[in-house]
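S.K.: This is the structure alone, sequence omitted:
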DNA sequence: TGATTTGCAACAACATAAGTTGCGTGAGGT
DNA sequence: ACCTCACGCAACTTATGTTGTTGCAAATCA
């Protein structure tokens, strides 16, 4: 009998982390006050300054942050964290597809395919609605205040670079 | 003033259509009766026979279909459509990540990142739970019976190759 | 003028589903 | 026996989107 190989781990669709990263940045900016450069943010997130600008540009277009060029420039928060919801940020980063699985449109006329897609769409729409409703109900200030009282023991700096 | 270019459409994360395709195939098999070859299925879905085998292999391992080699071989449904739920098929195709957006783990120690990820996880888990519960409650027979009475006008063949 | 910092375009790196090719294996039919 | 059909599997290619990287232009301030 052939040796049964260990089943290879299922590969998962890669996930878009822009929402998570932007939330992280915005809360830092809200707590930090003043402005931060893309460089600083990039070091904070162990990422690339250009990627930061690219992603933040959506937030700028939505009016949540402002960017200033030149010496002393950088990014500043326009609204307080209390007035920014997860939904705002989600939309500002491009409102990406929430779901990694979706319908196929192989046979446009087939009633079976249509029934499958209609069923899936119903379920996914319901889940998305729930998701967006929850997003709309959570402000960044809620998140910022959700972790246990910070141990302000001096050296315990958050996010040490 | 520079000409303002038309804002480029936001690119969306590509979606995994295996679940949709397998549902489509299984319902066809259930209605068709007997066996179908990968070739036939592939033509039906405008896809590749090897891709079909690859995806169907998950269903075979889960015991929902059986494959037979050689002349007259092909794929046959083991259970009736009434005893197959969306959840079964979802799991059999590899239980892929439902969501295209997810957390980033850039600064493992940062309490802000942890709070962001905990919040996102809570919301996503809730939505996923809803999704899977719905999946568990829908059989393929439900889908197959969900479209309006087929107009059996003779030439109106479903899914003409 | 020179240093700083964003804006933007172009390209490479990476990951994953889907497509493709080739060969092996087994089941019938002749 | 031989041939054909059909799945099994491995390796490679293609397509697509996020992230990473480089280079240069433009704006701001000392």
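M.R.: All right, it came through fine. In this text the structure is predicted, and so the values were computed from the model without any measurement.
S.K.: how would you label the residue lying closest to residue A:65 once chain neighbours are set aside: helix, strand or coil?
M.R.: Nearest residue to residue A:65, sequence neighbours excluded (CB to CB, 6 or more residues apart in numbering or on different chains): residue A:59, at 4.7 Å. Glycine gets a C-beta too; all of them are placed from N, C-alpha and C. Of the three states, residue A:59 takes helix under DSSP: H, G, I helix; E, B strand; the rest coil.
S.K.: how close does residue A:59 get to residue A:93?
M.R.: Counting by CB to CB, to the nearest Å, the gap from residue A:59 to residue A:93 is 7 Å.
S.K.: Residue A:20 too?
M.R.: Note on residue A:20: its distance to residue A:93, by CB to CB, is 10 Å.
S.K.: list residues touching both of residue A:59 and residue A:93?
M.R.: With contacts defined as CB atoms under 8 Å, 6 or more residues apart in numbering or on different chains, the residues shared by residue A:59 and residue A:93 are residue A:22.
S.K.: And for residue A:43, the neighbour number?
M.R.: Other residues near residue A:43 number 14, with proximity taken as other CB atoms under 10 Å in any protein chain shown.
S.K.: Run through chain A and note the low-pLDDT ranges.
M.R.: Residue ranges of chain A with pLDDT under 70: A:1-14, A:147-161.
S.K.: And the helices in it?
M.R.: Here chain A has its helices, by DSSP state H, at A:18-32, A:38-45, A:49-61, A:86-92, A:111-136, A:140-144.
S.K.: if you compare these, which one is most tucked away?
M.R.: helix A:18-32 (a mean of 23; mean count of other CB atoms under 10 Å in any protein chain shown).
S.K.: Check the offset of that helix from the chain's centre.
M.R.: Relative to the chain's own centre, helix A:18-32 is displaced by 9 Å; criterion: CA atoms, centre = their mean, to the nearest Å.
S.K.: same thing with stretch A:109-116?
M.R.: For stretch A:109-116, the distance to the chain centre is 34 Å (CA atoms, centre = their mean).
S.K.: Stretch A:20-33 and chain B, any residue contact?
M.R.: Yes - for stretch A:20-33 and chain B, the contact criterion (CB under 8 Å from any CB of the partner chain) is met by A:20, A:21, A:23, A:24, A:27, A:28, A:31.
S.K.: cool, stretch A:117-128 as well?
M.R.: Yes - using CB under 8 Å from any CB, we find that stretch A:117-128 touches chain B at A:117, A:118, A:119, A:120, A:123, A:124, A:126, A:127, A:128.
S.K.: how about the residue nearest to the fifth one when sequence neighbours are not counted, what does it touch?
M.R.: By the measure of CB to CB, 6+ apart, the closest residue to residue A:123 outside its immediate chain neighbours is residue B:134, 4.5 Å from it. With contacts taken as CB under 8 Å, 6+ apart, residue B:134 has the following neighbours: A:123, A:126, A:127, B:86.
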